[in-house]
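In: Provided below for reference: sequence and predicted model.
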Amino acid sequence: MAPRNVADPAKTREAVAALAPWLRDETVPAPERSALAEAVRLTARTLAATAPGASVEVRIPPFVAVQCIAGPKHTRGTPPNVVETDPRTWLLLATGLQTVPAAMATGTVRASGSRAGEIAAWLPLVTIEKP
């Protein structure tokens, strides 16, 4: 069995592709919680693998939090660089359907710390085919 914190690229693409209609059109019924959780966890773990490090913590409650981006490691208390968002917004960012600056401007992404915005350089993680 693969370690929990490693995302398989094929499985990640498959999980995200299954949610593509909902990501493109929010009037489409929301996916089942288990499908949403899988896509969120796999994409977040992909970010952690692609941008290894522990200077920024990305939180997508209630499903996952990962540390990423090289730099000073945080080990105790509240991290100095935090990005937090909801699952749908995270998947929009992870697929390139929305940008970090646009999400921050609308308040769907909350970022604190001088390095939090650096996750934008690592996105998108997965692309979905156009309809």
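Out: Cool, got the structure.
In: all contacts plus neighbour counts: C-alpha atoms, from now on.
Out: Fine.
In: Buried by neighbour count: which residues of the biggest helix by length in the chain qualify?
Out: Among all segments of the chain classified by DSSP state H, the helix with the greatest residue count is helix 33-50. The neighbour-count criterion (16 or more other CA atoms under 10 Å) identifies 36-49 as the buried residues of helix 33-50.
In: How many neighbouring residues does the closest residue to residue 120 other than its chain neighbours have?
Out: With CA to CA, 6 or more residues apart in numbering as the measure, residue 100 is the residue that lies nearest to residue 120, at 5.7 Å, once sequence neighbours are left out. Around residue 100 sit 24 other residues, with neighbours defined as other CA atoms under 10 Å.
In: Tell me the one of the buried residues of helix 33-50 nearest residue 26?
Out: Distance to residue 26, by CA to CA, is smallest for residue 36 among these, at 13.8 Å.
In: Next, find the distance separating the closest one from residue 11.
Out: To residue 11, residue 36 is 13 Å away according to CA to CA, to the nearest Å.
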